[in-house]
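Chemist: Quick one: sequence plus predicted model below, questions after.
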Amino acid sequence: MSGGAQGSGGGGGHAGWHGGVSRARTIGTVIRVGVRSNFGLAIIKHRLFKEKKDRWLAWLIAVSFLGVVPLLYGVVLTIQNLYDILKPMGQERALLSLGFLAGQFLILMFGIYYVISAFYFSRDLELLIPLPLRPSEVMASKFAIIVINEYLTVAAIVLPVVVTLGVVSKAGVGFWVNAALVYLALPVIPLAIVSIVVVAMMRFVNVSRKKDALILVGSIMLIVLALGVQIVLGKTAGSGGPEASAAAVAKFFTSPDSLLNRLGAFFPPGIWATKAVAGGFTGAGLANLALLWGVSLALAVGMVALAEALFYRGVVGLSETTGKKRRLTRDEMARRVKSGRRAVAAVFGREWKIMNRTPIFLLNGTLVVVLFPAIFVLMATIDTGGGGAGGSGGGGSDPMVLLKAIVSANPLIVILATALFMTICGSINGTASSTFSREGPQFWISRVIPVAPREQAAAKFLHSYLVAALGVVTAGAVAAIFMHVKAAQLAAAAGLALVAGVLLTVVGMAIDLARPLLDWTNPQKAIKQNLNVLLAMLADIGILTIVFFGVKALVKAKLGAGAALAVLFAALAVLSAASYAALLKFADKRYPAIE
Amino acid sequence: MIELAHVSKSYNRGKVKAVDDLTLTVRPGEIFGFLGPNGAGKTTTIKMIVGLLRPDAGTIAVEGHDVGKEPLKAKQVTTYVPDFPAVYERLTGLEYLNFIGDVYGVPKADRLERIQKWLEIFELAAAVTNPIQSYSHGMKQKIVLTAALLPAPRVMVLDEPLVGLDPRAAHQLKEMFREHCDAGKTLFFSTHIMEVAEKLCDRIGIIHRGKLVACGTMAELKAMDRTEGGQSLEEIFLEVTEK
């Protein structure tokens, strides 16, 4: 914009510059509004500072996080130990890679759902599209919101690793500055890849009528893909028999960073991130940082440019879902109009249908309890491609060796360990802790129907408990087939897990009932961004820790295995029955107060 | 019958008074129209009647059942249509109606007859096996109305029920209002459409800033008016809500 631009061209240039500034401002505004609406900042501010409600919640969260300190301490200790083991072999940087890769994989695996629902099925699109905004601006704001969301997810995995390693290795300023910059860039590449695939797919494939199936199949495919890569990597590493394997291991451990390179071969940005952080302000550190940021920005810009051309074509018309219209005959209608079910059965049926027909609910509920034990088995058996489950010779992978060692140990420990595994598999889903939140804006129906809150809570309990029991059964099958736990021990463990499942289900439901998240427009908020799900998990950890110390006390008291199990079962049964009765009472009290 | 006695409700820790000492009786066989400017307290009052909000003071009874003390008995005789039809999007229309039939204990024969009747009237018969997610706003409104009519309740409470309905459905609904009340039942609804209130309602209440500023039949409202006679409901409304 120099001298030559003084005439008419100058005006255009000037306008263009202003246009650029105002467009940047527009994107900034759209992002700001999107973030505020997505995280409900205005509501939180209003409730905390105007209505002065929910202040107790801030304290509860603080106390809950204090409860996680022992767990976090354990994680930090493990990382520190691994560091001490890997350092002499020159492999310590692999820990960083592992952290970064795990975070990025998580985003890649679950990203498809977030991207599809944010880009195509969020209700605010109907407000945004008519505004004088470019498709790329709408897309950029949506993308920014997902990235910000993912910072929270990634933080849980990456921060403990980075902070522990930084402290243990007494890292310099370069490490910390680069770590912060890497953290900011970390979700961008996986999300941009998923976004590009999704935007292209939505443009060229007519999926509007099959969106639920698409989300579900897409998510499962990505999980399977990630597992497949894991299997392939494991097989490659483990092939060639014991001698070859020993030689490979020896070579592997004598060459610095070989572990890092192997991990990173899977997803190069993981290596760049590691080298950037570990290298600090050195040439290699800065070059890798530039590479990571450069590729992130290029992919983000590419994605936004693609959006300009394709985004709206995929969006427009998507909300107009049309069902096949067919009038039922009199007979068909007579068959499909039910004769009266009891209210509890009706509420249970509603819960079941809504849960299983909403992809994000299904993924985080019913499917998790089936997938979690399956993933566990795959991870444990195929890690090094060795013997695996029941495999001969070699003794199988390290986790399997460990598990088999546990299984051949004291029968009491076998039962307790199996029960713990079953309990975790049953309670790791968000079904109970989002049971009221999932009703969302439709909660008014539950409030006006003539069904006592305790009956509604009972139906919801039945549903949540059934999902937990499914997890217990799946975990039981895994324990029987892959860990060779004996039938009698399995039955005892299942008994404990099923009775503990009542308590954990009740606790999850009570947390959600105390503070249901009902003002959502995207079902993802009800389960994925629902603090109650996290609080319930923390509460579960707390309860299981207390049970652990209880068991320790029983063992110290020199009780026999049978007696110790009987005492534990009885204690859990009493607690479960009492908590269930308390939940029903709480429902009667709480329902009318939810406004 | 609906009886409200000295009902008050405020928000924001008492700073915003939504309903202020409201006393009102809606008799059996009566269509009662509830009018008021935006934010006057209409929806708050309606939500208190159906048990969605708890009054800070006063009592509400439906068919003699105290809504606070005997909520299930009150709910058993009441159905409610909200101003925005938020319904279970993942259920089909028929599944939703079956759910409502179950929780209100509607026998199969009655259920079948009423479902068929209202689906025909609202022209929903061809869409009833589709997920509610695929319905337009008006169709969702109609399925909520059908659900509210299914138990043939003694009392119906409706918040802006005509919004979003096409003229044919609106006409049918108004006829249903009359039939419902001719059978000795009670109907309480809020509206912004003065013509409808004027022609349809047996009595009209006007709420302004949480207080009932006028209540009575059209003739009584006209008589209350201090200005020259022959005024329409719209003019009366504008006058009493001016202050």
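Modeler: Arrived safely, thanks for sending.
Chemist: thought B:Pro151 was touching B:Pro107?
Modeler: No: judged on CB atoms under 8 Å, B:Pro151 makes no contact with B:Pro107 at a distance of 10.6 Å. From N, CA and C alone the C-beta is placed, and that goes for glycine too.
Chemist: which of these two has more neighbours?
Modeler: Between B:Pro151 and B:Pro107, counted using other CB atoms under 10 Å in any protein chain shown, the more crowded position is B:Pro151 (23 against 11).
Chemist: give the contact list for that one.
Modeler: B:79, B:100-101, B:104, B:106 (CB atoms under 8 Å, 6 or more residues apart in numbering or on different chains).
Chemist: Could you look up the SS state of the spatially most central residue of chain B?
Modeler: Centrality entry for chain B: nearest residue to the mean C-alpha point is B:Leu158, 1.8 Å, by CA atoms, centre = their mean. Following DSSP: H, G, I helix; E, B strand; the rest coil, we place B:Leu158 in the strand state.
Chemist: if I look at it, how far off is A:Asn522?
Modeler: 29 Å (CB to CB, to the nearest Å).
Chemist: What strand or helix carries B:Thr79?
Modeler: Per DSSP states H and E: B:Thr79 is located in strand B:78-81.
Chemist: Could you check the pLDDT of the residue of chain B found nearest chain A?
Modeler: Closest to chain A within chain B is B:Asn130: 3.0 Å, counting by CB to the nearest CB. With respect to pLDDT, B:Asn130 scores 91.
Chemist: same check, this time on the one 10 residues further on
Modeler: Among the per-residue scores, B:Lys140 holds a pLDDT of 94.
Chemist: That one: neighbouring residues, count only.
Modeler: Residues within reach of B:Lys140, counting by other CB under 10 Å, total 19.
Chemist: quick one, what contacts it?
Modeler: B:85, B:87, B:132 are the contacts of B:Lys140 under CB under 8 Å, 6+ apart.
Chemist: one more time with 6 Å, if that's ok
Modeler: Neighbouring residues of B:Lys140 by CB atoms under 6 Å, 6 or more residues apart in numbering or on different chains: B:85, B:87.
Chemist: Pull out the buried residues from the helix or strand encompassing it.
Modeler: In this structure, B:Lys140 sits in helix B:137-149 according to DSSP H and E. By 16 or more other CB atoms under 10 Å in any protein chain shown, the buried positions in helix B:137-149 come out as B:139-149.
Chemist: can I see the domain layout of chain B?
Modeler: B:1-77+B:155-243, B:86-152 (automatic domain parsing).
Chemist: My assumption is that B:Phe189 lies in a strand; please confirm.
Modeler: Yes: counting by three-state DSSP, B:Phe189 is found in a strand.
Chemist: can you give me the helices in chain B?
Modeler: In chain B, the segments counted as helices under DSSP state H are B:42-49, B:71-76, B:93-104, B:108-121, B:137-149, B:167-182, B:194-200, B:218-224, B:233-240.
Chemist: that older thread, please list all residues in contact with the residue nearest to the centre of chain B.
Modeler: Contacts of B:Leu158 (CB under 6 Å, 6+ apart): B:81, B:189.
Chemist: quick one: pLDDT of it?
Modeler: With respect to pLDDT, B:Leu158 has a value of 96.
Chemist: for the buried residues of helix B:137-149, which one is nearest B:Met1?
Modeler: Of all the buried residues of helix B:137-149, B:Ala148 has the smallest distance to B:Met1: 18.1 Å, by CB to CB.
Chemist: Okay, that closest one and B:Phe177: tell me how far apart.
Modeler: For B:Ala148 relative to B:Phe177 (CB to CB), the value is 12 Å.
Chemist: before we move on, what about A:Gly476?
Modeler: Here A:Gly476 is placed at a distance of 58 Å from B:Phe177 (CB to CB).
Chemist: lowest confidence element among the helices and strands of chain A?
Modeler: Ranking every helix and strand in chain A by mean pLDDT, DSSP states H and E puts helix A:241-254 at the bottom, with a mean of 48.
Chemist: how distant is the helix or strand containing A:Val551 from the center of its chain?
Modeler: A:Val551 is located in helix A:531-556, with elements delineated by DSSP H and E. Remark: helix A:531-556 is offset 21 Å from the chain centroid, using CA atoms, centre = their mean, to the nearest Å.
Chemist: C-terminal to that helix, what's the next element?
Modeler: Sequence order places helix A:561-590 as the next helix or strand after helix A:531-556, per DSSP H and E.
Chemist: Just the buried positions in that following helix, please.
Modeler: Within helix A:561-590, the residues that qualify as buried by neighbour count (16+ other CB under 10 Å) are A:561, A:564-565, A:567-569, A:572-573, A:575-576, A:579-580, A:583-584, A:586-587, A:590.
Chemist: For chain A, which residues are neighbours of chain B?
Modeler: A:51, A:321, A:323, A:325, A:327, A:334, A:336-341, A:343, A:346, A:350, A:354, A:357-358, A:441-442, A:447-452, A:595 (CB under 6 Å from any CB of the partner chain).
Chemist: And the pLDDT for residue 86?
Modeler: Using chain A. On pLDDT, A:Leu86 comes in at 76.
Chemist: nope, chain B
Modeler: B:Ala86 is assigned a pLDDT of 92 by the prediction.
Chemist: Make sure it is actually in contact with A:Pro441.
Modeler: Yes: taking contacts as CB atoms under 6 Å, B:Ala86 lies within contact range of A:Pro441: 4.1 Å.
Chemist: Break chain A down into its domains, please.
Modeler: A:14-53, A:69-315, A:343-593.
Chemist: Where does A:Pro130 sit: helix, strand or coil?
Modeler: Classified using three-state DSSP, A:Pro130 is coil.
Chemist: what's it sitting at in phi/psi?
Modeler: The phi and psi values for A:Pro130, taken as degrees, to the nearest 10, are phi -70, psi -10.
Chemist: Please state the offset of the helix holding B:Lys140 from the chain centre?
Modeler: Using CA atoms, centre = their mean, the distance from the centre of helix B:137-149 to the centre of the chain it belongs to is 13 Å.
Chemist: With just CA atoms, put that helix into PDB.
Modeler: What follows is helix B:137-149 as a C-alpha-only set of coordinates in PDB (Å, rounded to 0.1, in the frame of the first residue of the first chain):
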ATOM      1  CA  HIS B 137     -42.200 -27.400  14.500                       C
ATOM      2  CA  GLY B 138     -45.900 -27.500  13.800                       C
ATOM      3  CA  MET B 139     -46.000 -31.300  13.700                       C
ATOM      4  CA  LYS B 140     -44.200 -31.500  17.100                       C
ATOM      5  CA  GLN B 141     -46.700 -29.100  18.500                       C
ATOM      6  CA  LYS B 142     -49.500 -31.400  17.200                       C
ATOM      7  CA  ILE B 143     -47.900 -34.500  18.700                       C
ATOM      8  CA  VAL B 144     -47.700 -32.800  22.100                       C
ATOM      9  CA  LEU B 145     -51.300 -31.700  21.800                       C
ATOM     10  CA  THR B 146     -52.300 -35.300  20.800                       C
ATOM     11  CA  ALA B 147     -50.400 -36.600  23.900                       C
ATOM     12  CA  ALA B 148     -52.200 -34.000  26.100                       C
ATOM     13  CA  LEU B 149     -55.600 -35.100  24.800                       C
END
